[in-house]
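Chemist: Any chance you can model this:
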Amino acid sequence: MQDTSTSTVVVNRSHAFGDGINLTGITDNLASTRSETYIYRPTNRLQEGDGIWGTLTWSYDCVGNRSSEVLTSGSTTTSTYNYPTGSNKLSSVTQGATMVRTFTHDGAGNVTADKGACWLVKAAETQDFTNGTSYFAESLCTTLEAIMDRDIAVRIDGMLMGVRGNLDGIAHYMKNNLSDQEFSNLVLLIGKSMSALVDISTHLHASFPDIVPKELMPPTK
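Modeler: Numbers count the residues shown, from 1 in each chain. Below you'll find the predicted structure:
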């Protein structure tokens, strides 16, 4: 991606599918510290992701449900995925004794509500954000907790992709215009925000797999 007004390349990434199926690496050709690698189990389930956020590892139960997520980035945060006895429908995610997300499903097993996005509102309340940002966070939270249909999911996913692209452009601009120390201090915040947006997109894609653009699907053998 190039800034046409200055002819400056702001995004230059390459993607690797090392096993011919799954995305195994994203190489940032402008700043190697922003590259990402992914490791999969023989069953093609994602096992580890390494990037600017640190290291994420996932484990699964005997029938393939994700059972835990561990984020290591200075400190370690473990998220446990909980399922009702005799069911494969995810009911909640906990971090220690803290409930961070709860889910409800319809009779067909589709997720109808995700009570996890409200952390956005709490984050907005603890930061010196403008009222507009707080309103956006609250609106997004409310939308994700509503019973979504496919059209709403498509629109939210498109907006999320746009925001992620803007964050990536901001990071590149800061890299080119700030001191190394200033960049190091700010880019971690960008990375955490990017990771949070990816989490929301993952939730949408899990509920509506067909909204993922064909261009973003891994190649088939």
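
Chemist: you'd agree Met194 is up against Gly165?
Modeler: No. Counting by CB atoms under 8 Å, Met194 does not reach Gly165; the two are 10.3 Å apart. Where you see a C-beta, it was placed from the backbone N, CA and C, and this is true even at glycine.

Chemist: Looking only at neighbour counts, state which of the two leads.
Modeler: Taking neighbours as other CB atoms under 10 Å, Met194 and Gly165 compare with Met194 leading, 19 against 12.

Chemist: Need the three-state assignment for the more buried one.
Modeler: Three-state call for Met194 (DSSP: H, G, I helix; E, B strand; the rest coil): helix.

Chemist: Quick check, pLDDT for it.
Modeler: pLDDT, Met194: 77.

Chemist: If we ignore the residues flanking it in sequence, what's nearest it?
Modeler: Closest residue to Met194 apart from its sequence neighbours, by CB to CB, 6 or more residues apart in numbering: Leu167 at 5.4 Å.

Chemist: helix/strand/coil for Trp58?
Modeler: Trp58 - assigned by three-state DSSP - is strand.

Chemist: I figured it was touching Leu71, is that so?
Modeler: No. Counting by CB under 8 Å, Trp58 does not reach Leu71; the two are 10.4 Å apart.

Chemist: give me the number of residues near the closest residue to Gln95 other than its chain neighbours?
Modeler: In space, and not counting its chain neighbours, Gln95 is closest to Ser79: 5.4 Å by CB to CB, 6+ apart. Using other CB under 10 Å, Ser79 has 19 other residues around it.

Chemist: Which pLDDT value belongs to the residue nearest in space to the middle of the chain?
Modeler: Centroid-nearest residue in the chain: Val198, 1.8 Å away (criterion: CA atoms, centre = their mean). What the model reports for Val198 is a pLDDT of 76.

Chemist: Pull the contacting residues for it.
Modeler: By CB atoms under 8 Å, 6 or more residues apart in numbering, Val198 lies in contact with Arg164.

Chemist: which SSE is it in?
Modeler: Assessed by DSSP states H and E, Val198 sits inside helix 180-207.

Chemist: From the chain's centroid, how far away is that helix?
Modeler: Distance of helix 180-207 from the chain centroid (CA atoms, centre = their mean, to the nearest Å) equals 7 Å.
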